[in-house]
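K.L.:
Okay, predicted coordinates and the sequence, questions at the end:
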Amino acid sequence: MTVEAATQPSKLRWGELEEDDGEDLDFLLPPKQVIGPDENGIKKVVEYKFNDEGNKVKITTTTRIRKLANARLSKRAVERRSWPKFGDAVHEDVGSRLTMVSTEEILLERPRAPGTKQEETKVAGDPLAQMGKGGAVLMVCRTCGKKGDHWTSRCPYKDLAQPSETFIDKPPTDTNAAAGGTKGTYVPPSMRAGGNPERTGTDMRRRNEENSVRVTNLSEDTREPDLHELFRPFGAVSRVYVAIDQKTGTSRGFGFVNFVNREDAERAINKLNGYGYDNLILRVEWAAPRAN
Amino acid sequence: MRPILMKGHERPLTFLKYNRDGDLLFSCAKDHNPTVWFADNGERLGTYRGHNGAVWSCDISRDSSTLITGSADQTAKLWDVKTGTPLFTFNFDSPARSVDFAVGDQIAVITTDPFMGLTSAIHIKHIARDPDDRMAETGESVLILKGPQGRINRAVWGPLNRTIISAGEDTVIRIWDSETGKLLKESDKEDGHKKPITSLSKSADGSHFLTGSLDKSAKLWDTRSLKLIKTYVTERPVNAVTMSPLLDHVVLGGGQDASAVTTTDHRAGKFEAKFYDKILTEEIGGVKGHFGPINALAFNPDGRSFASGGEDGYVRLHHFDPDYFNIKL
């Protein structure tokens, strides 16, 4: 019993002793460790402190040291850095607002590159969408992007599948003239000069351009889905477009519908021309006068 | 990029120049105190007090120890760059306009304006290096060249100090022999500018130089033959030109035609420094921001930053973003 009694207090004492030791040590924090920048420039700083509850806390801060590339001053320049101020700068206080970094980010603004948008346009891709911008005559050709003189279907550069991406204005090509049509007449690709290397593999889209139907006298609220719904019964529609005034958001009164099949387009014209739609009489015709 | 705006001058800027090491930027303005700034952060180092009139231009010696300034108070002064103390004053009978140190900093060329019956002239002055020599310096001109009608806006030394190139209001660029004073070449009337030439900037190696004129164009010339190499066209009268020492870029800064004043955009800060490809003469882009016409442009000799000074009194220091160096036309 005595032995037990003896061991227990000693156990307690040992335990207490340990705690005492711990408590003693608690007042001393381990020193701050700095593990210097390694080859990646990563520096670690390990600090110990007490948090609000009095617990010991270990804080590891990892930073990456990067050398700025531009601080390459010659020896003399470095020496000049430490020159004292003179003249009016002598009485300058640190808070003087003489030198300020601009709040705005200024870029080297490239001049309007071809094919890309100007600052004002927000719509992606379609140059026709820039229509409402000027408010003036806004005939924009989708093929060549030129504004003002012809519609897409009358584009003299129609044989381009896509607007070309160069600065240089191409001089009007002779493709139309050679086929016997004047500049304004639509000349299908198969009848143009230069043969028809693409007869077999005709571009699907090009065919659709030929099956383009112009719809005029649309009401203000008419949009693409409306036209699609209206023309769908006549056949497969590959594309619909309604010209919208960017400023007011209303329809400009006309639009285009591209059918996959020419026959469908023809039937649509016959049936819908003069059709009453949303209180207006529609005018439906080929997108460009077409001698049949 | 974020330009650093430095508003130390209360009046329009007239000239900007970097020292050879590219760590100091000197600015001259119509207020009478040229100022020196640190070129990396735009912090002002000091001002040179002493002139009594608008300071039209300045130049720094190669070791950045001496500054020379030309002012409308009919003097050109030499200053100690570090302390700002005036070292010497050259007196003239008319406002001094353009100053340029020769290679070696032993001589300088100073032009004076036409004034009260006197015609404009180009003076070559000896610059004493030692303080003792300076005491003995009389300030007499080694050579005086006359001939151009109207103001000579800029005169610089040609290669090896053998020639002086001058350009001014009479639209003709002249090359003079610096020893004899003889007129060697004049720019061709056909090729040349049609209106007063406002600025001239030499290339880093001195083989070609760029002139900017109120006729809304800038022209690149060969220094030895005075042959026209390229022309750059803008929409505005050109007040300042500079060339990048690193890339083949030319920067033009200009003003606004008087007739366009009332019809311009109300947006402030739209005066821009236009960048052109030196060889293709096509516009690369513009850096906007000034509230008034740009009167001074300077490229840092390392080609990584440039400064522009405007009629608004601001100096804008631009450090290029990395993608500036990758611009492809």
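P.N.:
Received the coordinates, thanks.

K.L.:
isn't there a helix covering A:P233?
P.N.:
Yes: judged by DSSP: H, G, I helix; E, B strand; the rest coil, A:P233 forms part of a helix.

K.L.:
quick one: it from chain B, how far?
P.N.:
Going from A:P233 to chain B by C-beta to the nearest C-beta, to the nearest Å gives 51 Å. The C-beta positions use only the backbone N, C-alpha and C, and glycine is treated the same way.

K.L.:
burial count for that residue?
P.N.:
Burial of A:P233 is recorded as 11 neighbouring residues (other C-beta atoms under 10 Å in any protein chain shown).

K.L.:
again with A:G276
P.N.:
For A:G276, using other C-beta under 10 Å, the count is 8.

K.L.:
Name all residues that make contact with it.
P.N.:
A:L282 (C-beta atoms under 8 Å, 6 or more residues apart in numbering or on different chains).

K.L.:
swap in B:D312?
P.N.:
By C-beta under 8 Å, 6+ apart, the contact list for B:D312 reads B:12, B:290-292.

K.L.:
just checking: which of those also lie near chain A?
P.N.:
Near chain A, judged by C-beta under 8 Å from any C-beta of the partner chain, there are no entries from the contacts of B:D312.

K.L.:
Identify those among the residues you listed that sit within helices.
P.N.:
Assigned to helices by DSSP state H, none of the contacts of B:D312 qualify.

K.L.:
Chain A: which of those residues is nearest?
P.N.:
Proximity of the contacts of B:D312 to chain A (C-beta to the nearest C-beta) peaks at B:H290, which lies at 10.5 Å.

K.L.:
and whatever residue of chain B ends up closest to chain A, what are its bridge partners?
P.N.:
Across chain B, the shortest distance to chain A (C-beta to the nearest C-beta) belongs to B:T47, at 3.3 Å. Note on B:T47: beta-bridge partners B:T35, judged by DSSP bridges.

K.L.:
My guess is it contacts B:G8. True?
P.N.:
Yes: between B:T47 and B:G8 there is a contact under C-beta atoms under 8 Å: 7.4 Å.

K.L.:
who touches both of the two?
P.N.:
A:88, B:35.

K.L.:
Please name the bridge partners of A:I35.
P.N.:
Residues in beta-bridge contact with A:I35 (DSSP bridges): A:K44.

K.L.:
helices and strands of chain B: which one bottoms out on pLDDT?
P.N.:
helix B:131-136 (a mean of 69; mean pLDDT, DSSP states H and E).

K.L.:
and the stretch 101-250 of chain A, which residues reach chain B?
P.N.:
Going by C-beta under 8 Å from any C-beta, the residues of the stretch 101-250 of chain A near chain B are A:101-102, A:104-111.

K.L.:
Could you identify the buried members of those residues?
P.N.:
Listed as buried from these are A:102, A:106, A:108; burial here means 16 or more other C-beta atoms under 10 Å in any protein chain shown.

K.L.:
Need these in JSON lines (columns: pLDDT and secondary structure).
P.N.:
Shown next, in JSON lines, are those (pLDDT from 0 to 100; DSSP: H, G, I helix; E, B strand; the rest coil):
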{"residue": "A:S102", "pLDDT": "80", "secondary structure": "coil"}
{"residue": "A:I106", "pLDDT": "82", "secondary structure": "coil"}
{"residue": "A:L108", "pLDDT": "83", "secondary structure": "coil"}
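
K.L.:
returning to what we had before: so after the least confident helix or strand of chain B, what's the next helix or strand?
P.N.:
Going down the chain from helix B:131-136, the next helix or strand is strand B:141-146, by DSSP states H and E.

K.L.:
got the angle for whichever helix or strand comes after that next one vs strand B:141-146?
P.N.:
Counting by DSSP H and E, the next helix or strand C-terminal to strand B:141-146 is strand B:152-157. If you take axes from the mean of the first three to the mean of the last three C-alpha atoms, to 10 degrees, strand B:152-157 sits at 130 degrees to strand B:141-146.

K.L.:
could you say what helices and strands strand B:152-157 packs with?
P.N.:
Applying 3 or more C-beta pairs under 8 Å, 6 or more residues apart in numbering or on different chains; DSSP states H and E, one finds that strand B:152-157 contacts strand B:96-101, strand B:107-112, strand B:121-126, strand B:163-168, strand B:197-202.

K.L.:
Pairing partners for it, with directions?
P.N.:
strand B:163-168 (antiparallel).

K.L.:
distance between the partner strand and the chain's centre?
P.N.:
Mean-position distance between strand B:163-168 and its chain equals 13 Å (C-alpha atoms, centre = their mean, to the nearest Å).

K.L.:
With just CA atoms, put it into CSV.
P.N.:
Presented in CSV, the C-alpha positions along strand B:163-168 are these (Å, rounded to 0.1, in the frame of the first residue of the first chain):
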residue,chain,number,x,y,z
THR,B,163,28.4,68.8,-90.1
ILE,B,164,25.5,70.6,-88.6
ILE,B,165,22.0,69.8,-89.7
SER,B,166,19.4,72.6,-89.3
ALA,B,167,15.7,72.8,-89.9
GLY,B,168,13.2,75.5,-89.3
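
K.L.:
after it, next one along is what?
P.N.:
strand B:174-177.

K.L.:
Can you point out the buried residues in stretch B:179-199?
P.N.:
B:181, B:184-185, B:187, B:192-193, B:196-199.

K.L.:
Format those as TSV; extra columns: distance to A:P30 and pLDDT.
P.N.:
Formatted as TSV, those follow (distance: C-beta to C-beta, whole Å; pLDDT from 0 to 100):
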residue	distance to A:P30	pLDDT
B:G181	81	89
B:L184	80	92
B:K185	80	91
B:S187	78	90
B:G192	79	91
B:H193	76	92
B:P196	76	93
B:I197	73	94
B:T198	70	94
B:S199	66	94
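
K.L.:
Of the buried ones among the residues of the stretch 101-250 of chain A next to chain B, which is the nearest to B:F271?
P.N.:
A:I106 (12.2 Å; C-beta to C-beta).

K.L.:
Run through chain A and note the low-pLDDT ranges.
P.N.:
By pLDDT under 70, the low-scoring segments of chain A are A:1-27, A:64-72, A:92-96, A:112-151, A:154-183, A:190-209, A:289-292.

K.L.:
What of the stretch 201-329 of chain B?
P.N.:
In the stretch 201-329 of chain B (pLDDT under 70), the answer is B:257-269, B:329.

K.L.:
residues in it within reach of chain A, list them.
P.N.:
B:272, B:275, B:283-289, B:304, B:316, B:318-320, B:324, B:327.

K.L.:
Buried ones only from the contacts of B:D312, please, as a ChimeraX command.
P.N.:
Here is the ChimeraX command that selects the buried residues among the contacts of B:D312 (16+ other C-beta under 10 Å):
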select /B:12,290,292
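
K.L.:
Helices of chain A, residue ranges please.
P.N.:
A:2-27, A:75-81, A:131-134, A:175-178, A:204-210, A:224-231, A:262-272.

K.L.:
quick revisit: would you format the contacts of B:D312 as CSV with distance to A:G184 included?
P.N.:
Listed next are those as CSV, based on distance: C-beta to C-beta, whole Å:
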residue, distance to A:G184
B:P12, 55
B:H290, 48
B:F291, 49
B:G292, 49
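
K.L.:
any idea how far B:N52 is from B:S178?
P.N.:
30 Å (C-beta to C-beta, to the nearest Å).

K.L.:
more crowded one of those two?
P.N.:
Ranked by neighbour count (other C-beta under 10 Å), B:N52 and B:S178 place B:S178 first, with 23 against 10.

K.L.:
Can you name the residues that contact that one?
P.N.:
Contacts of B:S178 by C-beta under 8 Å, 6+ apart are B:124, B:143, B:157-158, B:161-164.

K.L.:
ok, the nearest residue in space to it that is not next to it in sequence - contacts?
P.N.:
Distances taken as C-beta to C-beta, 6 or more residues apart in numbering or on different chains put B:I164 closest to B:S178, at 5.2 Å, once the chain neighbours are dropped. If you count contacts by C-beta under 8 Å, 6+ apart, B:I164 has them with B:109, B:122, B:124, B:145, B:155-158, B:175-176, B:178.
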